[in-house]
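Novice: Here is a sequence together with a model predicted from it:
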Amino acid sequence: MPPDNDLALVSQPDYNTEFRSIKDEAWYSVAISLEGHNQVRIKYLNFSDDHDEVFEATDFKTQQELDQFIERFRPLSKQLQDYECHQLRQGVRVCACHIFGDNDVRFYDAEVDSVLKKEHSFDKGEELCSCIFVLSWLHGPNDGKLTHTTIANICLVQPVVELDPILTSFWVARETREFLLACPISMTKEVSGHEVVVCCNERPNTVPRLGYFERNKRENRRAKRSVVRSESSEVRSQRQQKEESNLKGLKNQCAILVGNVDKELGPLTVIDFLHKHTKMSPRVFIFPSFSWEIYTKAAIVLDSKKDLRKLCEFLDNDNHIITSSIGRPWVIMEKLVGQKEIKASLGTLLPVSKSKNQKCRTNKQLKVVPSGSQEFKIAADLREMFLEFINHQKQLYRKLALEEGKV
């Protein structure tokens, strides 16, 4: 909904709320007011009265529908200043703008996927942020995709501490109506007149909600203490032999270490993808990652240098980029030759097996993005940002090592 420019000069309501529009799923600054006992009016900032929307409590067939409607409201998101960019960390929920055209800018939710930190500059004493923020969009035209932007286009989503009194009244209006319709009403005649008595003859089917202490006792009864035993020398020796056996025969083999890989990606998915496009079936290792990490690394092990060159021609090709289903580009970090280098990179990872656990991790797909498309341009920019981030990390680690006298 592009805004109207010729608004009448009248006293404006208090636009202190954000509303996610049902029409286009974008967030707008709105003012809400209660009309009667069961109607709420939504007025959009910088839009004429013709765009007002009125909802009645009776419009919602179930309480769940009403709850979902209430969840579309929240406090205004905070426009961050350049010196506040440190608040935009990985995983933080933001409300960012998407430009459709002239005078048509709409806001949608996203999460910060990663941050490429750059040194800030100053202009007449004002701090200017040069950092680049990679966003993973949660809805809107870029839903499920990755894009990058600057702090000027990002607002920080604020928590809902307390429900607006107007929305509370609107919610109670429907709750009261449902209660009266569900319960039979009997009239008892008194001396002073008639008194309405609400009688609930049947017990509800819902299970009574447990209190905090009751839940805590129940969870304690269910909990089982896990015992961690120290590893004996015999077990450790068997484990080391197994690791050596897993890496046996890698002396003349090669490997490619790929970065910026979706952590949910399964080895079988990678093998199927590579076989489809190269007719090769290499061994694939997915590195473990922390729960807060969004991406990880993968190692692709090959039988010879010839296979290494063939796969590099496919992965590192100017005519296309390999990305995940959401647009996360693969980045070749290292090309490894020989058992020593491969073992140092793979660590204690075990080879892929066709277990149930592996199969359940194949829901994430890979794709080849051809050059010349907008998707290719975005992926190329994201790849360059990732490489710049890796180089920055290497320089930082080297600096710390020099300071500690390790290099």
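Specialist: Happy to help now that I have it. Worth saying up front: this structure is predicted, and the values here are computed from it rather than measured. Residues are numbered from 1 along each chain as shown.
Novice: Would you mind measuring from E403 to N391?
Specialist: 19 Å (CB to CB, to the nearest Å). C-betas here are computed from N, CA, C, even on glycine.
Novice: One more: E334?
Specialist: Relative to N391, and taking CB to CB, E334 is found at 13 Å.
Novice: neighbour count winner among the two?
Specialist: The neighbour comparison of E334 against N391 (other CB atoms under 10 Å) goes to E334, with 13 against 10.
Novice: Without its sequence neighbours, what residue ends up closest to that one?
Specialist: Nearest in space to E334, with sequence neighbours left out and distances taken as CB to CB, 6 or more residues apart in numbering, is L257 at 4.0 Å.
Novice: That neighbour sits in which helix or strand?
Specialist: Using DSSP states H and E, L257 sits in strand 254-262.
Novice: Can you tell me the strand partners of that strand and which way each runs?
Specialist: Note on strand 254-262: by DSSP bridges, its sheet partners are strand 295-302 (antiparallel), strand 331-337 (antiparallel).
Novice: Can you dump the C-alpha atoms of that strand in CSV for me?
Specialist: Extracted C-alpha coordinates of strand 254-262, given in CSV (Å, rounded to 0.1, in the frame of the first residue of the first chain):
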residue,chain,number,x,y,z
CYS,A,254,42.9,-35.0,-2.0
ALA,A,255,40.2,-33.0,-0.4
ILE,A,256,38.4,-29.7,-0.7
LEU,A,257,37.4,-27.8,2.4
VAL,A,258,34.2,-25.8,1.8
GLY,A,259,33.0,-23.1,4.1
ASN,A,260,29.6,-21.3,4.6
VAL,A,261,27.7,-24.6,4.5
ASP,A,262,24.2,-24.9,6.1
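Novice: next structured bit after it?
Specialist: Assigned by DSSP H and E, the successor of strand 254-262 is helix 267-278.
Novice: Could you list every helix and strand in contact with that following helix?
Specialist: strand 283-286, strand 295-302, helix 305-315, helix 356-359, strand 366-370 (3 or more CB pairs under 8 Å, 6 or more residues apart in numbering; DSSP states H and E).
Novice: of those, which approaches R74 most closely?
Specialist: strand 295-302 (29.0 Å; CB to CB).
Novice: If we go by neighbour counts, what in stretch 111-126 is buried?
Specialist: By 16 or more other CB atoms under 10 Å, the buried positions in stretch 111-126 come out as 111-116.
Novice: outside of that stretch, which residues touch it?
Specialist: By CB atoms under 8 Å, 6 or more residues apart in numbering, the surrounding residues in contact with stretch 111-126 are 82-83, 88-94, 127-136, 138, 146, 294-295, 385-386, 388-389, 392.
Novice: Before I go, just wanted to say thanks for your time.
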